[in-house]
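> curious how this folds, go ahead:
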Amino acid sequence: MYKLLFFLTPLLFVACKEDKSVVNLREIKGSWDIIQATKDGQVFEAILGGYFEFSQDDKFQTNIPTLPTGANYTVKENTISFSTDTLKYNITEVTDSILVLESNIRGVAFQFMCKKRGI
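Predicted coordinates for the structure are as follows:
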């Protein structure tokens, strides 16, 4: 009996391991206004007034010229990637009204806090 308990106890810890959060594609679809941005940890005001749009037909639009506007996008777990670019966004938070993305663009760390348009 004790031997069985000895072998089953580690399985309980594995079975109780918390699942990694996976973003549902529907959660990010829509238009998002950039309300705060940082570049290498410093406030980056030049990008305020920007937006990200994740359309229903999986097209990405933005008014930020250096980003892959018009490209198809996919979401896998917590990562957004694009069909025409190596750029990836890590989704660190998403609710019905807030989206926080982090990325490394040309060797520089960026974070974008966005608010869903119309909310």
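> give me the element the residue nearest the centre of the chain is part of.
Nearest residue to the geometric centre of the chain (Cα atoms, centre = their mean): residue 91, 1.8 Å. Element membership of residue 91 [criterion: DSSP states H and E] is strand 85-94.
> what's that strand packed up against?
Under the contact criterion of 3 or more Cβ pairs under 8 Å, 6 or more residues apart in numbering; DSSP states H and E, strand 85-94 touches helix 25-28, strand 79-82, strand 98-105. The C-beta positions use only the backbone N, C-alpha and C, and glycine is treated the same way.
> that one - which strands sit beside it in the sheet, and in what orientation?
Using DSSP bridges, strand 85-94 pairs in its sheet with strand 79-82 (antiparallel), strand 98-105 (antiparallel).
> got a list of contacts for it?
Strand 85-94 is touched from outside by 23, 27-28, 67-68, 71, 75, 78-82, 99-103, 105, 111, with contacts defined as Cβ atoms under 8 Å, 6 or more residues apart in numbering.
> can we see that at 7 Å?
For strand 85-94, the external contacting residues (Cβ atoms under 7 Å, 6 or more residues apart in numbering) are 23, 27-28, 67-68, 71, 78-81, 100-103, 105.
> among those residues, which two are most distant?
By the measure Cβ to Cβ, 27 and 105 form the most distant pair in the contacts of strand 85-94, at 22.9 Å.
> can you show me the strands along this protein?
Using DSSP state E, the strands of the chain run over 30-39, 42-43, 51-54, 60-62, 73-76, 79-82, 85-94, 98-105, 108-116.
> what about residue 57, distance to residue 34?
Counting by Cβ to Cβ, to the nearest Å, the gap from residue 57 to residue 34 is 22 Å.
> and those two? which has more neighbours close in?
Legend: neighbour count by other Cβ atoms under 10 Å for residue 57 and residue 34, higher for residue 34 (21 against 6).
> just to revisit the earlier point, check which residues of the strand holding residue 91 are buried.
87, 89, 91, 94 (16 or more other Cβ atoms under 10 Å).
> considering the contacts of strand 85-94, which possesses the most neighbours?
Counting neighbours by other Cβ under 10 Å, residue 101 leads the contacts of strand 85-94 with 23 neighbours.
> the closest residue to it other than its chain neighbours and residue 99, how far apart?
Leaving aside its chain neighbours, residue 101 sits nearest to residue 89 (4.3 Å; criterion: Cβ to Cβ, 6 or more residues apart in numbering). According to Cβ to Cβ, residue 89 stands 9 Å off from residue 99.
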